[in-house]
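>>> dropping the sequence and predicted coords here.
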Amino acid sequence: MKLTSLSALTLVGVLGLAGCANTDLYSGDVYSGSAAKQSQSVTYGTVVSVRPVTIQAGDENPNLIGTVGGGVLGGIAGSTIGGGTGRSLATAAGAIAGAMVGSRAEDKLNQVAAVELEIRTDMGENLVVVQKADRTWQSGQRVRLVGSGSNMSVAPY
């Protein structure tokens, strides 16, 4: 009973922490703290094409929480099987399998639905910007591009 409670508590903790990735930062409506009170260039253009894509968030510590949490849960589950050497092997196998499953689960939890917007600026340049799919975009739509380089967001105009 005590082992089951610990497993459930660990699982809740792992899933809670894995869900902490802030995916709103990929929205065109969210600015980082360092972008506040900074001058940004503005360009205007027209959407040429829209393609659904996925952003894989959580690059800072890839799969650390899922791998460790899954390994712990798998090891605990494996330790309840058999006895002696068999129990040790089941614990090791459970830890390895749990780490693999936890890593994949964290990958999935950290995916963000996004759009790839190809935009033809009024100056004749074609740009591609990827950001969170938090609004509907259409070819021919007029847009405003704020920022430059790796810090650009697109907003309706």
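Yep, that arrived. Residues are numbered from 1 along each chain as shown.
>>> now Ile119: closest residue in space, sequence neighbours ignored.
Spatially, and ignoring its direct neighbours in sequence, Ile119 is nearest to Gly45 (4.4 Å; Cβ to Cβ, 6 or more residues apart in numbering). C-beta: built from backbone N, CA, C; applies to glycine.
>>> what number of residues lie near that neighbour?
23 (other Cβ atoms under 10 Å).
>>> helix or strand: which one has it?
Element membership of Gly45, judged by DSSP states H and E, is strand 42-56.
>>> next: Gln40.
Here Gln40 is assigned to no helix or strand, by DSSP H and E.
>>> that one: what's it in contact with?
Val146, Gly147, Ser148 (Cβ atoms under 8 Å, 6 or more residues apart in numbering).
>>> mind doing that once more with 6 Å?
Counting by Cβ atoms under 6 Å, 6 or more residues apart in numbering, Gln40 touches Val146, Gly147.
>>> repeat that for the one 5 residues further on.
Taking Cβ under 6 Å, 6+ apart, we find Gly45 in contact with Ile119, Arg120, Thr121, Asp122, Val143.
>>> so the third one makes contact with Thr43?
Yes. The pair Thr121 and Thr43 passes the contact test of Cβ atoms under 6 Å, sitting 5.2 Å apart.
>>> could you look up the SS state of Ala93?
Assigned with DSSP: H, G, I helix; E, B strand; the rest coil, Ala93 falls in the helix class.
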